[in-house]
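K.L.:
From the sequence below, what's the structure:
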Amino acid sequence: MKELKQKAKKYMENLENQVKTQEYFNNKAYISKLEMKLAYYSEPYECKDKLDCYRAIAEYLAIIRESLRGWEGWIREVWLMNEFSYEDLKKFANELRRVAVEMLKVDYEATKRRQEILEKYFKEKGIDIKHQPPYGSIQHA
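P.N.:
Numbering: from 1, shown residues only. Okay, the predicted model is just below:
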């Protein structure tokens, strides 16, 4: 039984090393991908028309989503996060907070503008929206 436990332990260690080796090469490839994206997206861009702006917004949201998925994966890897220094983690936390606040500002401005558009729509259609149910309470048949 002891020999079987030792074999199982060695197997698990080898498996863990294989997984970390794969993560290493995936990480290395992702760094190259990020470098290319940073070079490309760091250049100023002016939307050509409304459709191009829509496409650009969708593209930027996809970039943000991909990055968030990566961070969400990392944060669950306690052994990895533990290897970062306190200063590194503090820097990342502060930077992510800044990005989160900037995203909230964009979200706030877009949502306010959307509200104005909706109010204009209802006014033009002659729909009284003063007596509508509060957010989240609409019942679907």
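
K.L.:
I'd like the next helix or strand past the least confident helix or strand in the chain by mean pLDDT.
P.N.:
Counting by mean pLDDT, DSSP states H and E, the chain has its least confident helix or strand at helix 2-41, which shows a mean of 83. Remark: after helix 2-41, the chain's next helix or strand is helix 50-75, criterion DSSP states H and E.

K.L.:
in that following helix, what's buried?
P.N.:
Within helix 50-75, no residue qualifies as buried by neighbour count (16 or more other Cβ atoms under 10 Å). In short, each C-beta sits where N, CA and C put it, glycine included.

K.L.:
Repeat that for stretch 73-93.
P.N.:
For stretch 73-93, it's none, nothing buried (16+ other Cβ under 10 Å).

K.L.:
tell me what the helix or strand that residue 122 is a member of is packed against?
P.N.:
When elements are defined using DSSP H and E, residue 122 is found to belong to helix 86-125. The contact analysis (3 or more Cβ pairs under 8 Å, 6 or more residues apart in numbering; DSSP states H and E) places helix 86-125 against no helix or strand.

K.L.:
quick check: mean pLDDT across that helix?
P.N.:
If you average the pLDDT over helix 86-125, you get 96.

K.L.:
Return the distance of that helix from the chain's centre.
P.N.:
14 Å (Cα atoms, centre = their mean, to the nearest Å).

K.L.:
got a pLDDT number for residue 133?
P.N.:
63.

K.L.:
mind giving me the domain split of this protein?
P.N.:
Domain segmentation of the chain under automatic domain parsing yields 8-43, 47-83, 86-126.

K.L.:
For the most centrally placed residue in the chain, give its distance to residue 103.
P.N.:
The chain has residue 68 as the residue nearest its centroid, 2.7 Å off, counting by Cα atoms, centre = their mean. Using Cβ to Cβ, to the nearest Å, residue 68 is found at 10 Å from residue 103.

K.L.:
Same check on residue 65?
P.N.:
Distance from residue 65 to residue 103, by Cβ to Cβ: 12 Å.

K.L.:
One more: residue 54?
P.N.:
18 Å.
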